[in-house]
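Engineer: Give me the fold of what follows.
(3 chains)
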Amino acid sequence: MIFRLNPSTGLPMYLQLMEQIRHAVETGALKAGDQLPTIRSMAEDLVMNPNTVVRAYRELQHEGIIELKHGSGAFVSESVGSRARVTKRAQTVVQSTLDRLADLGLTEDEIRRLFENELAQHRAGKASGGKNE
Amino acid sequence: MLWYKGWLETRFQAVFALLFAVFPILLFTLATPHAANPAPQMSVAQAESAAGFFALYYSIVPLILAGSGVKAQSTWMRKAVQGSVYFTLSLPVSRFRLFATRAGLGMLEAVAILTIAPCFLRIAFIEPQDHVSHSDLFAFWVTLSVCASAFHFLAVLLSTFLDDQARGWLSMLGLVCLYGLLSKVPLLAPVNIFRAMVSPLFTHSFPWSSIGVSLGAAAVLGLAAFRVVQTREY
Amino acid sequence: MSDWVIQARGLQKSFKGQPALTGLNLEVPAGSIFGFLGRNGAGKTTTIRLLMGFLKPDGGDARVFGMPAGDSAAGIEIRRRLGFVTEDKDLYPYMTVEQIIRFTRSFFPTWRVDSEKRYLKLFDLPPSRKISDLSKGMRSKLMLLLGISHGAELLILDEPTEGLDPVAVDDMLRELVSISATGGTTIFFSSHQLEEVEQIADRVCIIDHGAAVVTGSLDDLKTQYQRLRVVLGAELRTPVQWGDGAEHVRQDGRTVDILASRNVEAIINQARSLPGASVERFPVTLKEIFLEHVRSN
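Structural biologist: Alright, predicted model coming up:
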């Protein structure tokens, strides 16, 4: 598995790593039951802080995407297969949405910013426990 | 391995001090090519005076070898050596050990090199008085070393705040002035340390009071130098 | 928390009347990689010298491994357990690589010969080369070798990557990360290279004019700090009093740029309440956080 992180984007490294691992699972590069690199080798390969790797793995465990087996390492969850199916469906939704937005005449940059903004609001809405305008 | 490091730092100074000590022998050998040359006849007073000057000359040896251990030692690559003090201080060694090793090494080197002084006397057949025995020469060497230790620690104290060049010249100048003062001012004759150093050759005994005073002075100066090193900010 | 490897409270130090540290607080947890950032003259090297016991503070308290940093007896114990890379990377120029390794080894009964050999090879240090013939970057690596090989629990590094080319920088960062991952060694390093700090540090402290202006987990800082761009419907006649947390506000016509350190949601709501306003968020890099804090003084 080859991951690439960018420390200078402003996005915390642990979030970037989580994102890349999730993506690997979604695209099937990592299958259910596959073992992830050890914290140490991940940290060394990516030249990143091992505590950050720990945090990413823990959060992913919290989300149910990976399992940390004491003594043996980190493995992709068995239940992740169903996630991959959900993701496939979501992919179709996004594809059709993109087509519609392109028809409206939006550029790629505009679409990206729109999504980022709405995502941020969505996150904030969840955090504050209510719906946003 | 602090002694080894000290040796690496001071070996050029040691060689220079050795050459300095051997120089009179070379001079003498060149000036008087014939062996077994009878020594010139001198009065006791003249002999004492010459011996005093002799003591001054050899007192310079410990000055050359003085150093405090945590200040720049060698003028060679001074900046790098000065900077390396941070590395030395980052080691789990007390400042006392650093100081004591360096000062002790300098003193050991001085004492070793000062053995040349009595050897020179023997080689040159210069006997200020009749019946100067081997034990007298030994006493001379001991007295010379002990009294010179006072000068050594004075130079060590100076080295805690002066760089090598300044310390070298300043301490030599000081020594020469002291010699001048002690020899010219009759009132100070009893405390003429240079006379004391060579007295075994005349009195055939150890000048215990001078030895005691010198050791005391060396101890006080050494302590002062250590206090500077101990409390100093780097 | 008693697990601070380094702890400083209210550290003060002046040189000839000029203040260098004006009340610095610092807490470095065990096992972290801690980046210490600041402009030249901000007080980084003075802090490190105080921690190493080269200087004594005028006020305040500094502890390493829980022991007072300036104390002579404790200092020896502290130095037994740490490795240090100095600012100028000066070693004894008259010694060879081999000699200084033997020399340093004699002070540490816990010396690991396998570490020594590994790093000698990895850092490509020729044993018989005189130190005066080594470049600054190679001396940096040599100092790191000397620090790691005795099994230090803490590494204090003053600008460790200075003078290294990009490949050597990557090598060193990789090694630091490896050391941290393997033995849980705490790494405290000062640097100008924000990208490097951003890459391997999990905690940072930004020092400016002798005091800490930003401190904390790097991930948390990046989550807490947000850049907001507000585009107003119309230019406002009276300037807005932005809420608590809006650190740096710049207005240019109908665009307002805000660097927020907290209460981001409240500020966004405040922005939205303005007529015709739209708000966008952007993540913030360490460089931006750094520049905003050291420039505003």
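
Engineer: how about stretch B:186-203: buried residues?
Structural biologist: B:Asn192, B:Ile193, B:Phe194, B:Arg195, B:Ala196, B:Met197, B:Val198, B:Ser199, B:Pro200, B:Leu201, B:Phe202 (16 or more other Cβ atoms under 10 Å in any protein chain shown). No exception for glycine: its C-beta is placed from N, CA and C like everyone else's.

Engineer: give the contact list for the second one.
Structural biologist: Applying Cβ atoms under 8 Å, 6 or more residues apart in numbering or on different chains, we find B:Ile193 in contact with B:Cys147, B:Ala150, B:Leu178, B:Leu182, B:Ser210, B:Ser214.

Engineer: Quickly note the distance from A:Arg40 to chain B.
Structural biologist: 28 Å (Cβ to the nearest Cβ, to the nearest Å).

Engineer: Sticking with C:Val5, tell me its helix or strand.
Structural biologist: Using DSSP states H and E, C:Val5 maps to strand C:4-15.

Engineer: And C:Asn25, by the same measure?
Structural biologist: Per DSSP H and E: strand C:18-29 holds C:Asn25.

Engineer: Determine the set of other helices and strands touching that strand.
Structural biologist: Using 3 or more Cβ pairs under 8 Å, 6 or more residues apart in numbering or on different chains; DSSP states H and E as the contact test, the elements touching strand C:18-29 are strand C:4-15, helix C:44-52, strand C:59-64, strand C:186-191, strand C:203-208, strand C:211-217.

Engineer: Figure out which of those is closest to B:Arg11.
Structural biologist: Among the helices and strands packed on strand C:18-29, helix C:44-52 comes nearest to B:Arg11, with 29.5 Å by Cβ to Cβ.

Engineer: Give me the residues contacting that closest one.
Structural biologist: Helix C:44-52 is contacted by residues B:86, B:89-90, B:234, C:6, C:8, C:11, C:13, C:20-21, C:24, C:26, C:36-38, C:55-57, C:62, C:64, C:69-70, C:79, C:84, C:87, C:156, C:158, C:190, C:207 when judged by Cβ under 8 Å, 6+ apart.

Engineer: when you scan the lengthiest helix in chain B, is anything in it near chain C?
Structural biologist: When chain B is parsed with DSSP state H, its longest helix is helix B:2-31. Yes. Interface with chain C: helix B:2-31 contributes B:Tyr4, B:Lys5, B:Leu8, B:Glu9 (Cβ under 8 Å from any Cβ of the partner chain).

Engineer: mind listing what's buried in stretch A:31-45?
Structural biologist: Buried-residue list, stretch A:31-45, by 16+ other Cβ under 10 Å: A:Ala32, A:Leu36, A:Pro37, A:Ile39, A:Met42, A:Ala43, A:Glu44.

Engineer: quick revisit: state the mean pLDDT of the longest helix of chain B.
Structural biologist: Averaged over helix B:2-31, pLDDT sits at 86.

Engineer: repeat for stretch A:31-50
Structural biologist: 89.

Engineer: Now B:Tyr234: closest residue in space, sequence neighbours ignored.
Structural biologist: Nearest residue to B:Tyr234, sequence neighbours excluded (Cβ to Cβ, 6 or more residues apart in numbering or on different chains): C:Phe54, at 4.2 Å.
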